[in-house]
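K.L.:
Here is the input, now give the coordinates:
(one chain, ligands or ions: 1)
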Amino acid sequence: MLRIQLFVTKKSSPRMTLHSCIKRAEKFASDNGIENPILLGPMAGACPVSLSIAVAKGGGMGACGALLMHPEKIKKWAQEFRSITDAPFQMNLWIPDAEAPLSPEHEKQLRTYLNNWGPEVSADATSDTLPNFQEQCAALLDIAPPAISSIMGLFDESFVAQIKERGIKWFANVSTLEEAVMAEAAGADVVVAKGYEGGGHSGAFNPDNATRCGVGLLSLIPAIADSVKLPIVAAGGIADGRTMASTLLLGASAVQIGTGFLRAPESTIAPAWSDAIGVARPEDTMITKAYSGRAGRSIATKYALAMAQDDTPEPAPYPTQRALTHAMRTAAVKENRLEAMQAWAGQSAGMAQVKSATKITRNIWASAKALCDKLN
Ligand SMILES: Cc1cc2nc3c(=O)[nH]c(=O)nc-3n(C[C@H](O)[C@H](O)[C@H](O)COP(=O)(O)O)c2cc1C
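P.N.:
Alright, predicted model coming up:
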């Protein structure tokens, strides 16, 4: 009798859990007008319309990382996407950091150091500022995409009210439980929980927490699921059916994938970056402030490794470091030279496939579902 009961408990409990995970993911997809619960990660500088269209064709959601785009460019991106498909997409902005000063002595040290890695840093390099955030926000309201996402902080009350009036959903990127609770209280519709494994910048609201509080997805998703009622989109290190299925089991309703799409033919990154992703082991990426001044996960390039040494100058705060490294990064892409290239990548980079993003999207969801069915 006892044996039978144990058997029933062991068999029936996972069956229920896995079944409800798939149902939860299917509900998220249908609530957001997509076929498959997979979102392309918004990637500033690496999100051509072609990539979003390919993901949308695979039943997922496209994305525009608009950080570096002026309003006209943002509007053009949306027009081009909409001229091909009426599928949903998200547009993403970074909440600006408070300005942090840089001493002339520190700047001088950095300029001298960076001149070894690329063209001479021009005298007016730090006047290369980012587009105006309020104007970008206004462009997003004009476009009225199905979803607007934030990273590095939260939108203010008045912007949230305006997006809600237009029926736009707010997807808030978070990197800790505390940030998820804050996002829910501020009116977010969805939290995108990005783990420490993920490629690109950490979304920590406070830049000083980005390295100290790096939380992996295995801890982040269940903690958020236990305390926050919003649907969770898991991001970071997801690139195949196994990784997707495990995040659904932990409590996610969908996944967001960045690096896993960067080798698709519809992506436009430099060949040396794509090749480095293809051969990267989990330990071949690192968290670095060397490119922008904000911590992010990149391939451990020669430049990023050198900047981690004790005898090199500290990176300037974001966005000044970004401006100072602009010439070096641009030249490295032009010359297809990985050593000084800004090559963001997550810890599952080696799983990224050279396949159409349409196929990647379909395959990952089919494989995640098949895995769950097998375990049932
Ligand atoms: C090249 C690159 C640029 C990114 N830029 C942004 C961005 O502008 N805004 C944002 O919210 N996330 C950005 N991310 C994070 C992705 O949207 C996504 O959450 C992340 O890539 C997931 O981790 P993965 O790369 O391991 O799949 C970027 C990631 C990469 C790889």
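
K.L.:
low-scoring pLDDT stretches of this protein, where are they?
P.N.:
1-16 (pLDDT under 70).

K.L.:
Taking the centroid of it, which residue is nearest it?
P.N.:
Nearest to the geometric centre of the chain sits Gly41, at 4.7 Å (CA atoms, centre = their mean).

K.L.:
Pull the number of nearby residues for the nearest residue to that one once chain neighbours are set aside.
P.N.:
Among residues not flanking Gly41 along the chain, Gly258 sits closest, at 3.3 Å (CB to CB, 6 or more residues apart in numbering). From N, CA and C alone the C-beta is placed, and that goes for glycine too. By other CB atoms under 10 Å, the residues close to Gly258 number 29.

K.L.:
about what we covered before: if I read this right, the residue nearest to the centre of the chain contacts Val255, doesn't it?
P.N.:
No: judged on CB atoms under 8 Å, Gly41 makes no contact with Val255 at a distance of 9.5 Å.

K.L.:
So for those two, which residues contact both of them?
P.N.:
By the contact definition CB atoms under 8 Å, 6 or more residues apart in numbering, Gly41 and Val255 are jointly contacted by Ala235.

K.L.:
For stretch 228-241, measure first residue to last.
P.N.:
Length of stretch 228-241, first residue to last, CA to CA, to the nearest Å: 26 Å.

K.L.:
For this protein, list the residues in contact with the ligand, please.
P.N.:
41-44, 46, 65, 67, 92, 151, 173, 194, 197-200, 235-238, 256-260, 344, 346, 348 (CB under 6 Å from any ligand atom).

K.L.:
same thing but 5 Å
P.N.:
Selection of the chain residues close to the ligand by CB under 5 Å from any ligand atom yields 41-44, 46, 65, 67, 92, 151, 173, 194, 198-200, 235-237, 256-259, 344, 346.

K.L.:
Buried ones among the residues you listed?
P.N.:
With neighbours counted by 16 or more other CB atoms under 10 Å, these contain buried members at 41-44, 46, 65, 67, 92, 151, 173, 194, 198-200, 235-237, 256-259, 344, 346.

K.L.:
Just those residues: which are in strands?
P.N.:
Those of these mapping onto strands are 65, 92, 151, 173, 194, 200, 235, 256-257, per DSSP state E.

K.L.:
returning to what we had before: the residue nearest to Gly41 contacts Gly203, doesn't it?
P.N.:
No: look at Gly258 against Gly203 with CB under 8 Å: they stay out of range, at 12.0 Å.

K.L.:
State the helix or strand in which Thr358 lies.
P.N.:
Using DSSP states H and E, Thr358 sits within helix 357-375.

K.L.:
who does that helix touch, helix- and strand-wise?
P.N.:
helix 2-31, strand 38-40, helix 49-57, helix 241-250 (3 or more CB pairs under 8 Å, 6 or more residues apart in numbering; DSSP states H and E).

K.L.:
can you list those in JSON lines and add mean neighbour count and distance to Thr211?
P.N.:
Shown next, in JSON lines, are those (neighbours: other CB atoms under 10 Å; distance: least, CB to CB, whole Å):
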{"stretch": "helix 2-31", "mean neighbour count": "13", "distance to Thr211": "31"}
{"stretch": "strand 38-40", "mean neighbour count": "29", "distance to Thr211": "26"}
{"stretch": "helix 49-57", "mean neighbour count": "23", "distance to Thr211": "29"}
{"stretch": "helix 241-250", "mean neighbour count": "22", "distance to Thr211": "23"}
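
K.L.:
In a markdown table: the ones you listed, plus distance to Lys164.
P.N.:
Listed next are the helices and strands packed on helix 357-375 as a markdown table, based on distance: least, CB to CB, whole Å:
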| stretch | distance to Lys164 |
| --- | --- |
| helix 2-31 | 16 |
| strand 38-40 | 20 |
| helix 49-57 | 24 |
| helix 241-250 | 28 |
